[in-house]
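Novice: got a sequence here, can you build the structure:
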Amino acid sequence: MGLTATATYNAEMEFAVLCLVALLIGVSKAGFGGGTGILVGPLLILFFPAKDSIGMMLPMLFACDVISLFPYWRKWDTRNVLMLLPGAIVGVVLGSLALNHMDDYWLTKTIGGLAVGFALLQVYRDWIVKTATALTPRWWLAIPVGFGTGFVSTLSHVGGILTTMYLIPQKMDAERFVGTTTALYFLVNLIKIPPYIYLDVLKPEGFIRDLPLFPIVLVGTLLGVWLNRRVPGQWFSRMVLVFVLLTGIWLLVK
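Specialist: Next up is the predicted model:
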């Protein structure tokens with residue numbers, strides 16, 4: 001295969017991966033509250049540098065947040081959002097400082113480690129910890145969860161798994177749960193935009209690369225809303241979890 005053919009093949013493969021990522025972002029965030037969105041970061045880093053990957057993801061995530069606000073408008077739990085947000089703001093600030101001192105190698109290893117760690121935490125939550133009573137939101141727990149969400153999300157966009165682990169024991173209905181995560185992620189991702197621009201993580205060329213993907217994000221978001229009302233997310237999440245675990249291990253050892 002010649003150099004031109006190889007370059008064309010690589011470009012087509014990269015675009016196919018970006019299309020898959022855009023669809024997964026829409027489906028996971030709008031359909032299942034972002035829990036399966038942990039797949040997207042490690043998947044992108046298999047094909048792109050780590051900082052470029054998280055920079056390309058942010059516009060797609062924010063576009064999905066904006067679109068998702070409409071079907072879930074005022075269906076969020078305001079108390080939970082207000083309790084999680086202060087810690088998340090501090091987490092974004094400190095996460096930005098950490099991101100500024102990380103090169104691509106260590107950021108890749110960090111995201112791989114987070115993917116493996118959160119996959120195991122998800123298993124622990126789903127199969128080991130079982131409780132019949134609903135958790136009551138408390139400030140003493142919401143502040144550190146919000147901080148972890150903001151900090152980890154700034155580094156890798158997978159902080160939503162912490163919010164998921166905090167909200168699911170509250171036993172909300174599906175629409176209220178996704179509405180709450182959508183409102184919170186909208187605010188967190190909005191706060192991340194200025195530091196990403198300042199740190200040159202969110203670049204004009206990355207945004208331009210994302211532009212053709214926004215219609216796919218829209219399709220994924222609408223599909224996610226449809227699935228949220230018809231399909232239990234448990235088995236879908238478990239299948240994605242296996243891929244997340246394997247991808248995280250690969251990022252750690254490569």
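
Novice: now do the helix or strand harbouring residue 195: which elements does it pack against?
Specialist: Assigned by DSSP states H and E, residue 195 belongs to helix 174-198. Judged by 3 or more C-beta pairs under 8 Å, 6 or more residues apart in numbering; DSSP states H and E, helix 174-198 is in contact with helix 3-32, helix 50-69, helix 78-100, helix 139-156, helix 160-167, helix 214-228. The C-beta positions use only the backbone N, C-alpha and C, and glycine is treated the same way.

Novice: and of the ones you listed, who's closest to residue 175?
Specialist: Residue 175 lies closest to helix 214-228 among the helices and strands packed on helix 174-198, at 7.1 Å (C-beta to C-beta).

Novice: tell me the angle that closest one makes with helix 50-69.
Specialist: Per axes from the mean of the first three to the mean of the last three C-alpha atoms, to 10 degrees, the angle that helix 214-228 makes with helix 50-69 is 60 degrees.

Novice: relative to helix 174-198, how tilted is helix 214-228?
Specialist: Computed by the same axes, to 10 degrees, the angle separating helix 214-228 from helix 174-198 equals 150 degrees.

Novice: nearest to residue 246, of the helices and strands packed on helix 174-198?
Specialist: helix 3-32 (15.9 Å).

Novice: any idea which helix or strand comes after that closest one?
Specialist: Proceeding C-terminally, helix 3-32 gives way to helix 40-45 as the next helix or strand, assigned by DSSP H and E.

Novice: who does that next one touch, helix- and strand-wise?
Specialist: So helix 40-45, by 3+ C-beta pairs under 8 Å, 6+ apart, packs with helix 3-32, helix 50-69, helix 104-123, helix 233-253.

Novice: and the average pLDDT for it is what?
Specialist: Taken as a whole, helix 40-45 has a mean pLDDT of 73.

Novice: kindly reformat the helices and strands packed on helix 174-198 as CSV containing distance to residue 113.
Specialist: Listed next are the helices and strands packed on helix 174-198 as CSV, based on distance: least, C-beta to C-beta, whole Å:
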stretch, distance to residue 113
helix 3-32, 21
helix 50-69, 12
helix 78-100, 14
helix 139-156, 10
helix 160-167, 13
helix 214-228, 27
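
Novice: now do the contacts for residue 204.
Specialist: Applying C-beta atoms under 8 Å, 6 or more residues apart in numbering to residue 204 gives no contacts.

Novice: now swap in residue 87 and tell me
Specialist: Here residue 87 is in contact with 142-150 (C-beta under 8 Å, 6+ apart).

Novice: now with 10 Å?
Specialist: Contact analysis of residue 87 by C-beta atoms under 10 Å, 6 or more residues apart in numbering lists 139, 141-151.

Novice: repeat that for residue 59.
Specialist: Residue 59 makes contact with 189, 193, 196, 202, 206-207, 209-211, 213-214, 217, according to C-beta under 10 Å, 6+ apart.

Novice: could you rerun that using 8 Å?
Specialist: By C-beta under 8 Å, 6+ apart, residue 59 lies in contact with 202, 206-207, 210.

Novice: if you look at those, which of them are in helices?
Specialist: Among these, the members found in helices (DSSP state H) are 206-207, 210.

Novice: show me which of those residues are buried.
Specialist: 206, 210 (16 or more other C-beta atoms under 10 Å).

Novice: which of the ones in helices among the contacts of residue 59 lies closest to residue 167?
Specialist: Proximity of those to residue 167, judged by C-beta to C-beta, is greatest for residue 210, which lies at 28.3 Å.

Novice: pretty sure the closest one is touching residue 62, no?
Specialist: No - in this structure residue 210 lies outside contact range of residue 62 using C-beta atoms under 8 Å: 10.1 Å.
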